[in-house]
Each structure stands twice: as C-alpha cells, then as structure tokens.
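Peer 1: Sequence plus the predicted model coming up.
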Amino acid sequence: MTELTVQDLHVTLGKNHILKGVSMEVKRGEIVALLGPSGSGKTTLLRSIAGLELPTQGMIRISDQVVYNSEDKIEVPVERRSLGFVFQSYALWPHRTVFENVAYGLKLRKVPEAEIRERVQEVLKNLGLGDLGERHPHQLSGGQQQRVALARSLVYKPQVILLDEPLSNLDAKLREEARIWLRHLIIELNLSAVCVTHDQAEAMAMADKVVLLQNGIIEQAGTPQEMYGSPSSLFVAEFMGNNNTLSGRITEVSGQTARIEGDGWALNGHLKSDLKPGNLATAVIRLERLKIVPGAGENRITVPLKSSVYLGNTWEYIFDLSGNTLRGYGAEPLKSGTQQVEIPAEHLWLF
Amino acid sequence: MNKMPFSKIVVIILTAIAVFLPIGLLLWQSFLDAPFFQPGKMYGLDAYRFIFEDPDFKRAFLNSFYISLGMAFISVPLGGLLAFLMVRTNIPGRNWIEPLLLIPVFVSPMILCFGYTVSVGPVGFISNWAQMIFGSVPWNIYSMTSIVVIAGLSHVPHVYIYSSSALRSLASDVEEAARVAGAGPLRVAATVSLPMVMPAMLYSGVLVFFLGFQVFGLALVLGDPEGHLVLATYLYKLTNKLGTPSYHLMAAVAMCIVAITVPMVLSQRFLLRNAHKYITLKGKGSRQRTLPLGGWRWVAAGLIAVWLAVTVVIPIVGIVFRAFVTNWGEGVTFIEAFTLNNFKDVFEQSNLMRGVINTILLGVIGGGLSVICFTFIGLASHRKNNGWTRLLDYTVMTPRAVPGLLAGLAFLWVFLFFPPLAPFRKTLFSLWLAYSVVWLAYGMRLVSTSLLQVGPELEECARVTGATPGQVNRHVTVPLIKYGLLASWLMIFMIFEREYSTGVYLLGPGTEVIGSLMVSLWAAGSIDIISALSFINILLVSVGMGIALRYGVKLHD
C-alpha cells in the first residue's frame, strides 16, 4: 500500500527553480533515502511534503488524503498533515522539559492528561530515555537530544515520518550505530519514512530505496544494490562510490560490450550509454573491483606503482597510468616497480 | 506558507493608521489657510509663503543646519574614537565607563541643559569660581557656539553605539591576516579596520545630522536667553508670536522639518544595507584581541574622563545640587542654603505630583502595554515577506523622521477633532499612544532583535507537530523571547521616563508628565521646581539603569 505519493512536483524559492518535476512513491513500512549534493533540492522536497514550503505545481498525497494539488488548489496546512518530522538541529524547544517536548503533540490533539503521561513514558522508555523526562534539552548529550526529537515525532503515531539529516550532528562512531538502530526502529513500528542525507553510505545502510537528486530532478531511484551496482549515469556512478575514471575513445562495439582505447591502454567494458565507435567516452570502475594479478592476460594492464598507503583495515595502491592515477585496494603492501592489474570487463562501465 | 492571516493584516493596518493618520493630518493642514475643523477653509500655499518670508524662520533654519553640521563634525570623530578605545584597547575601567557613556541617551537633554545653566551659566556654581579666579567668566553658555558644542558632545553616545557594535562584530582574524601578510599596525588600521567600520560611521553620521534638525529642549533652554531659534523652537513659539494658535503655520513648519528628515531616514535604510556588508559572523573561536596602549592608556582614559566631566558630570551634579539649595551666589554656603522645600513644593502642588505619578505610570504600565503592542506588530510580520510586511517596514520607520514635538501636536489634533477619540484626550491614553508611535521604531528594533533569535525550525517543528500558527506564537515563539521582552520593557520604561517633547502639546489637567511640565515651567522660570523635578526624573531613570545593570540587560546592541 502506498503511503506517500509525490507527482511532478515543482518548487520555486525566490527566483530559483529548486524542484523541476519530481515524482516518487513510498510504500507502507518502506524507508526511502533522499540523496544528493547540496543544492540538489532534497531538503526542499522533504519540506514540501511536510507543507513547510509551498510548491508551484504538482500533487502530494499522504495515505489517502491529497494534501497538495496545484490543479484543484488544495493545500492542507502543515499542522493538519499529521506527519512526524525530525529536524537536522533537532529543534527541541529549550523552554520545555523532555517530557513537555514529547507531550506537546498529544496535548494539541486533546488527549486526556493520564493517557498523555502513559504514552510519553512509553515512548521515552522505548527509546532509552526513561528517566530523562524532567531534564531540559540543554542537559542532554547530542545522541539523547536526537532520540528526544525522534520520540517527539513518533508519540502521536504518524503514518509517515520525515527525517532531515537526522544523524549529521552525531559524531562518526555514534552515527554508524544510530543508523542501524534507527532503521530497526522504523521497521518495528511499521512506519513509512523519508530520510534526507548527503552521505551515500548512510543512505544505503538505512534505506530500502534510494532517490538520488541532482539539480532539482531525480537522477535515479532504486534499491541500494541497483544504485551502487548499476548506475544509469556517470553522475550516479560517481556519487554512489569511489571510482577510477579514465577518458578514451571507443574503437569497437558489439552488443552491450565495447572496446575503449586511451593513451597507452585498451580495455573491454560494459556499455552504459549509447556510444558508437569513434566517440569519446569515460570508463569507470569501482576501486574495490581492481585486481592485482600475477601475469598478463585479458583486460589486464601493466602499470608502475607510485605508492602504497596504509589505511588500517586495508592498503590502498596508487598506480600511474600514463599520467592518470589508478587506485585499488589489497591486503598486503606491494613492492615498488610495475604490477599487473586486471580490470574485469563486466565492472568497467562506459559512459 | 506566505499567506497573510486576517488578524495580522488588521494589526498592520491599525499600526499604519496610528502612524499615518496624524502625519497625514499635519500634511493636510499645512495646505489649508485656516484650522482644518473650521468651515470655509481654503486650500492654498499661504502657510508656506508666510513662513518662507519670515526672517525668523530663515534664521531658525540656518541655526538648525549649523547645529546639525556641528553635531556631525563633533560627535562622529569623538564617538568613533571612543568606540575604538572602549572596544579595541586595554583602556582601564572599561566595564564601569560603558554605562556612564550612555547617560546622555537616557537622561533628557532638557535636564542636561538645565544642569548647564545652573553650573556654567552666567551665575552658575562653576562660573562663580571662574569669576573669583579669572575676574570674569571666560565662556558664554548661551552663545550659538556653546549650543553647537553641547549638542555635539551630548550626541557622542549615539555614534558610539553604532560604531562600537560594528567594531565588536569585526573579528580580529581579518586584522591578524593583514598583519601576517606583512602590514604594520597603522597600515592595518588604515587599510582594513577603518574601511570595514566606515559604513557604520556613515550611518551614525546621518543619524546625528537628522537628530540635529529635531533638537528642541536643548535649543529651548540654551537658545532662549539670547534669542537663538531653531526649527522646533520656532514652531513652539509661533503661537506666542502671533498671539493666536495658527494651525496652518505650525503644520507648514512641521512639514518643513519632516521634509528634511524623511530623505535622511530613507538614506539610512540604504546605508544600513551597506553597513552590514562587511560584518562577518564570528565563529566560536574568534576572540577579539585588545591593543595594548602602554602608557597611552592613561592619556586615553583621561580624554574619556574629560568628556564625561563636561557632558555628564557638570550638568548632572549641577542640577542635583541645585535641587537641594534655595539659592546660590557669591558667599553663600551649602549648609545655609540647604533645603528640601523644592521637593515639598512638588509634592504639595497637585499638578506636579500628578506629573510625577503619571510619568511613573506611563513608564511602567504604558511601557509594558507598548511592548505588548510591539510584540503583536512584530509577530504580524515575523518570517513573512510580502507587500504587507513592506508596508509595515515603512510604517515603523516613518516616526523616526517626526520629532516628538510634532507628533504630540498631530496627536492633539487627532484627539481633539476625531469624535470617537475625543473622550480620551484628557487621559493618559492620548499620551501613551503618542509615546508609543514616537518610539515605534526603537521599540520594534528591540522586539524584532529578540524575535530573530528564535530558530525558524523551532517554530516549524511545532507546526508539523500539529500547532496552528497562533498556537506556535503562544506556545513557542513568545515563551522563548520572554526575557527579551522583559528587557525591552525596561528599555521602553527608561525612554518613556526621558521623553519630554511629545507631551508638550498634549499637556493638560490629567496628562501632566515630568518632561512636559519642565518645558512649561521653563517659560515661567521656576528653576527651583524644575531642579527638583529633574532630580526625581534622574532618580527614575537611574532605577531603570540599576535594574538593567543588575540583571545584565544590554543597554545597546
């Protein structure tokens, strides 16, 4: 069942056309990550769903209620969309205690006093904040504040929860734990969630579906595996992972494979866009797909090693390919000199 | 998100009426040849023709111009220097000098000028000493030069306020970067620091210049004895001169003053945009380093002490002293002359006593009500940007161009001849409304400074949680700015205690306040009672300042 539908949404802020026709769907129990560089419109999309920005065109539906439709001039005010929203800064009200912060949504919904106490206590307990109810926000750590913000948006049981970079104010270690915890929590409560992030690893770890935005349009949407494993454009390939990129000219095309030649190298790769022999193209391969091999062979090149860098969990090798840098990973430090490197054709994407 | 609810539109329209109706009345009246309520009045430029042909008007205009120019030339360099010394150097006693510097902003110029007459006037305390030492008094407090110098010195704090806040927001790192790049300290000052605070200095220069055209109390007290008129005193004395209240002439003079100040207020708006051009938000880490002055710090401190002595100590000590003596002259000792009769007189005369009580009521209760109104106005345009808020912007700015004396006159007319308001004319409501409009820009700045400190996401979050815009204001925004509003109340209290010119035309039984009583008593020359009233007024302002200092309320931004 679809909980949230966005159709052909356009948003203009001042003179800037921020969203230029975005459509997406979120199903019940699904977590969708909105990913993109800064200025891509991901936060604007989230705020438009909440009703904090007014779109110029399009349609937004939450559950079975149309909350915005430019054609029928429907615009449901923010407070009647009944959404959960977690702000990047958490936006905890500093003049209220944790309990009062969380209870506010229930008070506005005229829930009886006794039930408010019960429900707030329950959600605080579930989020591990059981005995912090009387504290003020400034007396909490960053992680606790984040959970209070979450408790506040969950307590009135919204169907859809929107999260604006919810983890960006936590330090690196805590962030990795929090994204797994957050994912479990949302699944457990069978909520639909839309989460804005600019960190592709976070998006893949948390979400069932990733929507990558660029300049106000959706570049690609799909599961994390699709996004990482078969990007549809060079931008997506670059954004989702760490790559080696080489520029060259297509010399041969047969079906989905083609041969690309550059300065002192020639490789077979997988065609990702409509290229003809003679076209200039970019060849992309993820760093972890590069293999160090003992001898020459198919799709292998001989390159001098520039340096080996120790990263703790792995070694990173840096090779020189006629002026371009080629990088790869391995478990052992390499001796200086030339090495044989295999670039598997099925992992070399040609754009 | 940008739709204007009806209630906000009502607030904005009411504000616009409160500001533009009285000014509109002045404008309309200035083009009539008789009072606007008289039948048979005719449109025409007679009023303007009359005042432009009057040599007194010409003299008054030129005097006002000289005062403005002199004020700008005296107060801008001194205020800038003072700000630099206070903010960027290790001058001794910075913490306790700061509130003293601001005294001329919070004590009425009338009182300061009374102080000058009693201490350095022809038979003043200090003049008597000078007489004994030199055989004659080497200065004349009533000359045009003295008036210009005193006006200039007493407006130094206005420049100081703007320059010091600009200097504070100038992080040391830009100066340090220049030092590292190879510039010496003087070169840094000339090529980095000074150009960066220039817009703020220019802004305060324009401010002082148009305040010069609004000077009233100072010229009334010091200009009277030798007949030096300025525009505001010319207006005030028009009735005496012609024997009858000539509404159209007064309105025409008022319009001439407004015609000079409005363009300057507008240009300030433009300058303000530039004033913030260079201001960089300071990060947590960037602390300001102070410049060690070495032995010069004592010279600098001495300079400030001299300025304080001339601008604050001499007049205030003089008037306070005068409040406790019967008379003063050669050979009189303090013990002989000491008396509390001046205060007894104040407490025994019912109109004076009412004036004291009204002043307190107007400051405490009226000030509180004004802050509540300013809050409503502030909330009406909070986080909105459309035609309505632009209208409000101009509405709020306009009263700055209208001196209190003129605003009081305009409100008198509104209350006299606008039937629904007529019953309120003899109540404090008329004064309160006039005061609130005159200080609208100041009060709105206080309130909106607090409002801007509320993070937008705190309000948005309440909306998403299910609160209507009204509930957001009541549950989140207003509780968050509570302390800012209390501080605004205190500031408005002090400003209302100080105000004297707005009440001049509204003065009547029931609407006496200390400020306007002093203006009318001055005409009668009763310096004993004026001194006692001044002392009470200074006391009231001191209570405000004491509370501000005790609770760490910032006296300026």
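Peer 2: Now that the structure is in, tell me what you want to look at.

Peer 1: I'd say residue B:170 and residue B:195 touch.
Peer 2: No: counting by CB atoms under 8 Å, residue B:170 sits too far from residue B:195 to count as a contact (10.6 Å). For the C-beta atoms, the positions are set from N, CA and C on the backbone; glycine is no exception.

Peer 1: Show me what residue A:321 is bridged to.
Peer 2: residue A:324 (DSSP bridges).

Peer 1: Tell me how many other residues surround it.
Peer 2: 18 (other CB atoms under 10 Å in any protein chain shown).

Peer 1: Surely it is in contact with residue A:301?
Peer 2: Yes: contact between residue A:321 and residue A:301 holds when scored by CB under 8 Å: they sit 7.1 Å apart.

Peer 1: what residues are shared contacts of the two?
Peer 2: Jointly contacting residue A:321 and residue A:301 under the rule CB atoms under 8 Å, 6 or more residues apart in numbering or on different chains are residue A:265.

Peer 1: what does stretch B:478-487 rub up against?
Peer 2: In contact with stretch B:478-487 (CB under 8 Å, 6+ apart) are residues A:93-95, B:371, B:375, B:379, B:446-447, B:449-451, B:453-454, B:458, B:548, B:553-554.

Peer 1: Return the subset of the residues you listed lying in helices.
Peer 2: Members of the contacts of stretch B:478-487 lying in helices (criterion: DSSP state H): B:371, B:375, B:379, B:446, B:447, B:449, B:450, B:451, B:458, B:548.

Peer 1: ok, now how distant is the fifth one from chain A?
Peer 2: From residue B:447 across to chain A, the span is 18 Å (CB to the nearest CB, to the nearest Å).

Peer 1: Where does the stretch 251-400 of chain B get nearest to chain A, which residue?
Peer 2: residue B:385 (9.6 Å; CB to the nearest CB).

Peer 1: how about the nearest residue to residue A:19, chain neighbours excluded?
Peer 2: residue A:11 (4.1 Å; CB to CB, 6 or more residues apart in numbering or on different chains).

Peer 1: What about residue A:307? Give its phi and psi, please.
Peer 2: phi -160, psi 160 (degrees, to the nearest 10).

Peer 1: Report the beta-bridge partners for it.
Peer 2: Beta-bridge partners of residue A:307, as defined by DSSP bridges: residue A:318.

Peer 1: Just give me the neighbour total for it.
Peer 2: 12.

Peer 1: will you turn the ones in helices among the contacts of stretch B:478-487 into CSV that also has pLDDT?
Peer 2: Formatted as CSV, the ones in helices among the contacts of stretch B:478-487 follow (pLDDT from 0 to 100):
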residue, pLDDT
B:371, 97
B:375, 96
B:379, 94
B:446, 92
B:447, 94
B:449, 89
B:450, 91
B:451, 92
B:458, 94
B:548, 91
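
Peer 1: export those residues to JSON lines and tack on neighbour count and distance to residue A:84?
Peer 2: Formatted as JSON lines, the ones in helices among the contacts of stretch B:478-487 follow (neighbours: other CB atoms under 10 Å in any protein chain shown; distance: CB to CB, whole Å):
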{"residue": "B:371", "neighbour count": "25", "distance to residue A:84": "36"}
{"residue": "B:375", "neighbour count": "24", "distance to residue A:84": "31"}
{"residue": "B:379", "neighbour count": "23", "distance to residue A:84": "27"}
{"residue": "B:446", "neighbour count": "23", "distance to residue A:84": "36"}
{"residue": "B:447", "neighbour count": "26", "distance to residue A:84": "33"}
{"residue": "B:449", "neighbour count": "16", "distance to residue A:84": "33"}
{"residue": "B:450", "neighbour count": "21", "distance to residue A:84": "30"}
{"residue": "B:451", "neighbour count": "21", "distance to residue A:84": "27"}
{"residue": "B:458", "neighbour count": "20", "distance to residue A:84": "16"}
{"residue": "B:548", "neighbour count": "20", "distance to residue A:84": "43"}
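
Peer 1: Would you map the helices across the stretch 151-300 of chain B?
Peer 2: B:156-168, B:172-180, B:185-188, B:194-214, B:217-223, B:231-242, B:247-275, B:296-308 (DSSP state H, counting those that start in this stretch).

Peer 1: whoops, I mixed them up, the stretch 151-300 of chain A
Peer 2: So, for the stretch 151-300 of chain A - with DSSP H, counting those that start in this stretch - the helices run A:172-188, A:200-206, A:224-229, A:234-240.

Peer 1: Using PDB, write out every CA atom in stretch A:127-145.
Peer 2: Taking C-alpha atoms only, stretch A:127-145 is exported to PDB below (Å, rounded to 0.1, in the frame of the first residue of the first chain):
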ATOM      1  CA  LEU A 127      14.000   5.000  23.100                       C
ATOM      2  CA  GLY A 128      16.100   4.500  26.200                       C
ATOM      3  CA  LEU A 129      15.200   7.900  27.700                       C
ATOM      4  CA  GLY A 130      13.100   6.600  30.500                       C
ATOM      5  CA  ASP A 131      14.400   8.700  33.400                       C
ATOM      6  CA  LEU A 132      15.300  11.900  31.500                       C
ATOM      7  CA  GLY A 133      11.700  13.300  31.300                       C
ATOM      8  CA  GLU A 134      12.400  16.100  33.800                       C
ATOM      9  CA  ARG A 135      15.600  17.300  32.100                       C
ATOM     10  CA  HIS A 136      15.800  20.300  29.800                       C
ATOM     11  CA  PRO A 137      17.200  19.800  26.300                       C
ATOM     12  CA  HIS A 138      20.500  21.600  27.100                       C
ATOM     13  CA  GLN A 139      21.200  19.000  29.800                       C
ATOM     14  CA  LEU A 140      21.300  16.100  27.300                       C
ATOM     15  CA  SER A 141      24.000  14.800  25.100                       C
ATOM     16  CA  GLY A 142      23.700  15.000  21.300                       C
ATOM     17  CA  GLY A 143      22.600  11.400  21.000                       C
ATOM     18  CA  GLN A 144      20.000  11.800  23.600                       C
ATOM     19  CA  GLN A 145      18.700  15.000  22.000                       C
END
